[in-house]
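Novice: the following block contains a protein sequence and its predicted model.
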Amino acid sequence: MGKVKYSTGIEYVKGSLAKPKVKEGHQCGSYLIGTHREAATTNSNCTRLYVREAETYKRTTPVSTEELAARGRFAAVSAAVAARAKDLNKMGPDKTAFNAQKDLPGGKTTMRSYLWSLELAAWDDAHPQG
C-alpha cells in the first residue's frame, strides 16, 4: 500500500478530493477520496487515499416518484429563495423580520435559512400532501 506524506501545516485530508469530469454525456476520470480515522488506535497510519473509477458509481435502482417529487420541491423552493433574496420590495421587510426572530429560541441564524423557511412553508401550503 502506498503512503502519503503531508508537508508542514497539513494535518490530514478528508473527503472527495477529485471527481470525474462530465464530457459529452459521459463521465471521464476517477474519484479520489481521502479518509481520516479519528478513533483511538495504536496504528499511526490514520489517513488513506482511495481511487475509484467513475463507472462504479452508477445507480442500480430506478428513480422513485417520491424522489422526483422531492427534487421538484427542492428546485422550486430554491428558485423562490433566490428570487426573493434579489427582490428589492421584500428585502427591507425580510431583513426586519429576520432580525426580530434570530435571537429567539428556534430562530433562524442566517438570512438564507430564514428565507428557506418562509418559502418552504409557502410551497408546502400551496401543495398539500395527501
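Specialist: Sure thing, it's come through.
Novice: give me the three-state assignment for residue 50.
Specialist: Here residue 50 takes the strand state, with states given by DSSP: H, G, I helix; E, B strand; the rest coil.
Novice: can you check residue 22 too?
Specialist: strand.
Novice: specify the beta-bridge partners of it.
Specialist: residue 27 (DSSP bridges).
Novice: gap between it and residue 72?
Specialist: 22 Å (Cβ to Cβ, to the nearest Å). For glycine as for every other residue, the C-beta is placed from the backbone atoms N, C-alpha and C.
Novice: then residue 53?
Specialist: Taken as Cβ to Cβ, the span from residue 53 to residue 72 is 31 Å.
Novice: isn't residue 33 right next to residue 15, touching?
Specialist: Yes: with contacts counted by Cβ atoms under 8 Å, residue 33 reaches residue 15, the gap being 7.2 Å.
Novice: so which of these two has more stuff around it?
Specialist: Applying other Cβ atoms under 10 Å to residue 33 and residue 15 shows that residue 33 carries more neighbours, namely 17 against 9.
Novice: quick one: residues contacting the more buried one.
Specialist: By Cβ atoms under 8 Å, 6 or more residues apart in numbering, residue 33 lies in contact with 15, 16, 17, 49, 50, 51, 52.
Novice: number of residues surrounding the fourth one?
Specialist: Residues near residue 49, counting by other Cβ under 10 Å, number 14.
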